[in-house]
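Chemist: 3D model of this:
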Amino acid sequence: MGTMKPAESKTRHSADEAVARWSPQMWGLLIVLAGNMLIDALEVSTVLVALPSVGRELNLSLPLLQWLVSGFALGFGMTVLFGGRIVESFGRRRVYLAALVCFAAASVIAGLTNDPTVLVATRFVKGVCAALTAPIGLAIISTAFRRGPDRDRAVAVYSFVGACGFVAGLLLAGLLTGLSWRLTFVFPAPVVLVLLVGGILLIPRDVPDRTAPLRLAAVGAVCLAGGFSALVQGVVMVPVRGWGDPLTLGAFAATGVLFLLFCVAEHFASRPLIRFGVLRNGALIRSMLGAAALNGSFVGLLLVATLHMQTVLGWSPAETAFAFLPASLPLAVAALFSQRLTKRFGAVRLIAVGALGPPLGYALYLRLSPPVVYAVDILPTMLLVAWGFVFGFAALNAQAVSLVPTRDRALASGLYQTAVQTAAAVVPALVVALLLTGATPGDPQQMLDGHRFAVGAITALGVSGLVVAVVGLIADRRCRGRDTTGRSARPETAPTCTKDP
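Modeler: Predicted structure coming up:
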C-alpha cells in the first residue's frame, strides 16, 4: 500500500478540520437540503414499482398509466430552464419553501384521489417542485458554505444523498406497495413537512430581483411544456387510435404549433430561456444526447420490466424492487468517488467505457423467455446497466458544464437536465406504444412478444448512446492531435476540445 503524500495529507486534514468546525446550524441546513434531495430522487423509483398496483385498483389503461412516469419527468424537465427566472423574481428562500408546501400537498392529494387526471396532475406538480428545489439547494450550499473544503464536502454529501434516493425509493416502494400503493404516494408528505420547518428556521434570507423579466419567459416555458406533453400524448395514441385518427393528428399538430410559439416567444424575449449559440458546443450536445440515451433507455427498461415481472411472471412489488437494486445500488456507491474517477481518467474515456454496458444488457434482456431464472436472465442486464451509470453518469454531467464559457454554465446545466428529463418522459410513451402494438391482453406469450418490441427500441436507444460516445472519442483525439502539432482548425469547424474536468 502506497504512502500518502505530505500535500495530500495536509489537504485531507484541512478538509476534516473544516467539517469539524461546522456549527449545528450548518449541519442542520445541510440535512434539510440533502433530505429534500433524497425525497426528490426517490419519486421516480417508488412510482415505477407501484404502477401495476395503481393500474389494477383504478382500472387504468397503459397509455394513462405511463403518464405517472412521464408527468413527473415533464414537470421537472420543462421547469429547469424557467426555474432560475422564478428564483430571481421571488428569491431562493421563498421559492424553496413554497415548493416544499406544494410537494407535500400534491403527495397527500395523490394518495387520496381516485381520479386519474388529478393523479397525473399531482405528478406534474411534484416534478415542477423538484426542478425548483434541487438547483436551489446547490445554490444555497454555494453561498452558505465557504469555498474550499467546506463547500466541497457539503456538495459531496448533497450529491451522495441524492444518488441514494433511487435505491431508497425502490426499497420503500417494495415494502409500502404490498400494503397499499397509496402509501407510496403519501409517505413523502410528513417528511417534507419536517423539512419545511427546518427550512423556515435555517435557510438564509435573500433579496429577490423584482425587475427580472418573467412574462415572455413564462410563455415560452408553458409552450415548451405543452409541446412535449402533446408529443407524448400523440405517441401513446398511435396504437390505440391509429395514425389517421383526428385526435392523434391533432396531438402532433399541437406539438408543432406549440414548439413554433416557443421559438417566437424566445425571439422577442429580452432574456430568452435558451441562447441557441450555446448549442454550437459539440461537447454539450454530445453530453445531452448521451445522457438522454442513458437515462431514457433505463427508465424505459424499468417500465417494461415492472410490467413484465408483476403482470406476466406474477412477482410481488417487493420482489420487483429487489430485482432492480443491482442496477441502482452501484451508482449510489460510485457517487462517493465519481469526481475523482473523472479527474483521473477524463470524462470522454469514462463516457465511452460506460456506454458499452447498457446496450449489451438490453440485448440480453431481448432473449428473455420462460422459465425465467433471475440470476441468469435478469441480473446480468441490471449489472450492465449499472456499469453504464457508474462510469458514464457523472462524466456526462461534468463534460456538459466544464467545456462552455463560465457565463453559460448555468444554461448548459439546465439544457442538460432538460434533455435527461425529456427522454424520461418520451421513452415511456414510446415503450407503451410498442407494448400495445405487439401484445394481446391476457395472453402471456403475446405480452412477452410485445415486451420484445419495446426492449428492441430501448436497445436501439442504448446503441445510439454508444455511437455518440464514439464520436466524442474521435473528436477528442482530433483535438489532442491538433494541440500536439500546433495547428488549429477554423473556429466554426473545429470540434470542441475536451479539457478533462
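Chemist: going forward, measure contacts between C-alpha atoms and count neighbours the same way
Modeler: Will do.
Chemist: what helix or strand is residue 167 on?
Modeler: helix 149-177 (DSSP states H and E).
Chemist: buried stuff in that helix?
Modeler: The neighbour-count check on helix 149-177 (16 or more other Cα atoms under 10 Å) flags 149-155, 157-177 as buried.
Chemist: and what of stretch 203-211?
Modeler: Within stretch 203-211, the residues scored as buried using 16+ other Cα under 10 Å are 203, 208.
Chemist: do the same with stretch 460-473
Modeler: Buried residues in stretch 460-473, counted by 16+ other Cα under 10 Å: 460-470, 472-473.
Chemist: ok, of those, which one's closest to residue 396?
Modeler: Residue 396 has its nearest neighbour among the buried residues of stretch 460-473 in residue 469, at 9.8 Å by Cα to Cα.
Chemist: ok, back up a step: by contact count, what packs against the helix holding residue 167?
Modeler: Packing partners of helix 149-177 (3 or more Cα pairs under 8 Å, 6 or more residues apart in numbering; DSSP states H and E): helix 6-20, helix 24-58, helix 116-144, helix 181-186, helix 317-334.
Chemist: hey, where'd the helices end up in the stretch 201-350 of the chain?
Modeler: For the stretch 201-350 of the chain, the helices defined by DSSP state H, counting those that start in this stretch occupy 215-241, 246-268, 282-307, 317-334, 338-345, 347-366.
Chemist: okay if I get the ones you listed as CSV plus mean neighbour count, distance to residue 45 and mean pLDDT?
Modeler: Output for the helices of the stretch 201-350 of the chain, formatted as CSV (neighbours: other Cα atoms under 10 Å; distance: least, Cα to Cα, whole Å; pLDDT from 0 to 100):
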stretch, mean neighbour count, distance to residue 45, mean pLDDT
helix 215-241, 21, 20, 89
helix 246-268, 18, 28, 92
helix 282-307, 25, 9, 94
helix 317-334, 20, 9, 90
helix 338-345, 16, 22, 85
helix 347-366, 24, 18, 94
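Chemist: Turn those helices into a markdown table, columns for distance to residue 61.
Modeler: As requested, those are arranged in a markdown table below (distance: least, Cα to Cα, whole Å):
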| stretch | distance to residue 61 |
| --- | --- |
| helix 215-241 | 11 |
| helix 246-268 | 17 |
| helix 282-307 | 12 |
| helix 317-334 | 19 |
| helix 338-345 | 40 |
| helix 347-366 | 24 |
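Chemist: Can you give me the domain assignment for the protein?
Modeler: 23-207, 214-270, 278-501 (automatic domain parsing).
Chemist: So, low pLDDT: which residues of the chain?
Modeler: Residues of the chain meeting the criterion pLDDT under 70: 1-20, 210-213, 438-449, 481-501.
Chemist: longest helix of it?
Modeler: In the chain, with assignment by DSSP state H, the single longest helix is helix 444-485.
Chemist: roughly how far out does it sit from the chain middle?
Modeler: Centre-to-centre, helix 444-485 and its host chain are 18 Å apart (Cα atoms, centre = their mean, to the nearest Å).
Chemist: Which strands or helices does that helix pack on?
Modeler: helix 282-307, helix 347-366, helix 409-438.
Chemist: Tabulate the buried residues of stretch 460-473 (TSV), appending distance to residue 226.
Modeler: TSV is the format used below for the buried residues of stretch 460-473 (distance: Cα to Cα, whole Å):
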residue	distance to residue 226
460	27
461	24
462	27
463	29
464	27
465	27
466	31
467	30
468	28
469	31
470	34
472	32
473	36
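Chemist: Disregarding residues adjacent in the polypeptide, which is nearest to residue 207?
Modeler: residue 91 (6.0 Å; Cα to Cα, 6 or more residues apart in numbering).
Chemist: what about that neighbour, neighbour count?
Modeler: As a burial measure, residue 91 scores 19 neighbours (other Cα atoms under 10 Å).
Chemist: wait, what's in contact with it?
Modeler: By Cα atoms under 8 Å, 6 or more residues apart in numbering, the contact set of residue 91 is 206, 207, 208, 209.
Chemist: now residue 82
Modeler: Residue 82 makes contact with 217, 218, 221, 273, according to Cα under 8 Å, 6+ apart.
Chemist: Can you tell me which of those is nearest residue 48?
Modeler: Using Cα to Cα, residue 221 is the member of the contacts of residue 82 that sits closest to residue 48, with 26.9 Å.
Chemist: My guess is the closest one contacts residue 79. True?
Modeler: Yes. Applying Cα atoms under 8 Å, one finds residue 221 in contact with residue 79, separated by 7.1 Å.
Chemist: farthest pair in the contacts of residue 91?
Modeler: 206 and 209 (9.8 Å).
Chemist: and the gap between residue 177 and residue 208?
Modeler: 42 Å (Cα to Cα, to the nearest Å).
Chemist: what sits against the residue nearest to residue 226 when sequence neighbours are not counted?
Modeler: Closest residue in space to residue 226, ignoring its immediate chain neighbours: residue 258 at 6.6 Å, by Cα to Cα, 6+ apart. Each residue near residue 258 by Cα under 8 Å, 6+ apart is listed here: 223, 224, 226, 227.
Chemist: didn't the third one look like it was pressed against residue 257?
Modeler: Pointing back at residue 226 there. No. Residue 226 lies out of contact with residue 257 (Cα under 8 Å); the separation is 9.8 Å.
Chemist: Go ahead and name everything in contact with stretch 380-387.
Modeler: Stretch 380-387 is contacted from outside by 298, 324, 326-331, 354, 357-358, 360-362, 364-365, using Cα under 8 Å, 6+ apart.
Chemist: Let me know which of the helices and strands packed on helix 149-177 is the nearest to residue 198.
Modeler: For these, the distance to residue 198 is smallest for helix 24-58, at 6.3 Å, taking Cα to Cα.
Chemist: So which elements touch the closest one?
Modeler: Packing partners of helix 24-58 (3+ Cα pairs under 8 Å, 6+ apart): helix 62-65, helix 67-90, helix 116-144, helix 149-177, helix 181-186, helix 188-202, helix 282-307, helix 317-334.
Chemist: would you turn these into a markdown table with distance to residue 239?
Modeler: Shown next, in a markdown table, are the helices and strands packed on helix 24-58 (distance: least, Cα to Cα, whole Å):
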| stretch | distance to residue 239 |
| --- | --- |
| helix 62-65 | 10 |
| helix 67-90 | 16 |
| helix 116-144 | 21 |
| helix 149-177 | 30 |
| helix 181-186 | 28 |
| helix 188-202 | 35 |
| helix 282-307 | 17 |
| helix 317-334 | 27 |
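Chemist: quick one, which of the ones you listed is nearest to residue 237?
Modeler: helix 62-65 (7.5 Å).
Chemist: still on that earlier bit, looking at the buried residues of stretch 460-473, which is nearest residue 251?
Modeler: Minimum distance to residue 251 across these is 23.8 Å, recorded for residue 461 (Cα to Cα).
Chemist: residues touching the closest one, list them.
Modeler: With Cα under 8 Å, 6+ apart as the criterion, the residues that contact residue 461 are 293, 297, 359.
Chemist: Quick check: the gap between it and residue 352.
Modeler: 15 Å.
Chemist: Repeat that for residue 317.
Modeler: According to Cα to Cα, residue 317 stands 34 Å off from residue 352.
Chemist: Mind listing residues that contact stretch 98-106?
Modeler: Residues contacting stretch 98-106 (Cα under 8 Å, 6+ apart): 122-123, 125-126, 129-130, 132-133, 188-190, 192-193, 196.
Chemist: Buried ones among those?
Modeler: Taking 16+ other Cα under 10 Å as the criterion, what is buried in the contacts of stretch 98-106 is 122-123, 125-126, 129-130, 132-133, 188-189, 192-193, 196.
Chemist: Tell me which two of those sit farthest apart.
Modeler: Farthest apart among the buried ones among the contacts of stretch 98-106 by Cα to Cα are 123 and 196. That separation is 19.7 Å.
Chemist: Looking at the contacts of stretch 380-387, which is nearest residue 379?
Modeler: The shortest gap between residue 379 and any of these belongs to residue 326, at 7.3 Å (Cα to Cα).
Chemist: Having no further points to raise, I will conclude here.
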